[in-house]
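S.K.: Dropping the sequence and predicted coords here.
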Amino acid sequence: MHNGGAEAEDKARREADERAQNDAATVQSLKTDKAALIALYNSTNGVRWKKNAKWLTGAPIGEWSGVTVKGGRVVKLDLQFNNLQG
């Protein structure tokens, strides 16, 4: 006898576990990216940048001026002509 209901539940449970692992990896990646961005800000006199809106605030890093986030990772920095020093 074939138990399709139990197989479907097992599949759904495995998929939920995989999503949770992916979500945890994304959160860790963003923490790593955020730490790198903070180090960049601090080492290049970020307080004197021309555009530093939302940096070092509680805003999501994708809202920080010049930062682009896709798929849970920083994929682009646009800090050209922003008075970085260091």
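M.R.: Arrived safely.
S.K.: CA atoms for contacts and neighbours, from now on please.
M.R.: Fine.
S.K.: Toward the C-terminus, what is the element adjacent to the helix or strand Ala36 falls within?
M.R.: Under the criterion of DSSP states H and E, Ala36 resides in helix 4-43. Downstream of helix 4-43, the first helix or strand assigned by DSSP H and E is strand 67-70.
S.K.: Show me the strands paired with the next helix-or-strand element following that following strand, marking each as parallel or antiparallel.
M.R.: For strand 67-70, the following helix or strand on the C-terminal side (DSSP H and E) is strand 73-77. Next to strand 73-77 in the sheet, as set by DSSP bridges, lie strand 67-70 (antiparallel).
S.K.: picking that back up, what average pLDDT does the helix holding Ala36 get?
M.R.: For helix 4-43, mean pLDDT is 82.
S.K.: and it, how far from the chain's centre?
M.R.: Offset of helix 4-43 from its chain centre (CA atoms, centre = their mean, to the nearest Å): 11 Å.
S.K.: Give me the helices and strands touching it, please.
M.R.: The contact analysis (3 or more CA pairs under 8 Å, 6 or more residues apart in numbering; DSSP states H and E) places helix 4-43 against strand 73-77.
S.K.: ok, and what's touching the strand it packs on?
M.R.: Applying CA atoms under 8 Å, 6 or more residues apart in numbering, the contact partners of strand 73-77 are 26, 29-30, 33, 62, 66-69.
S.K.: Fine by me, we can end here.
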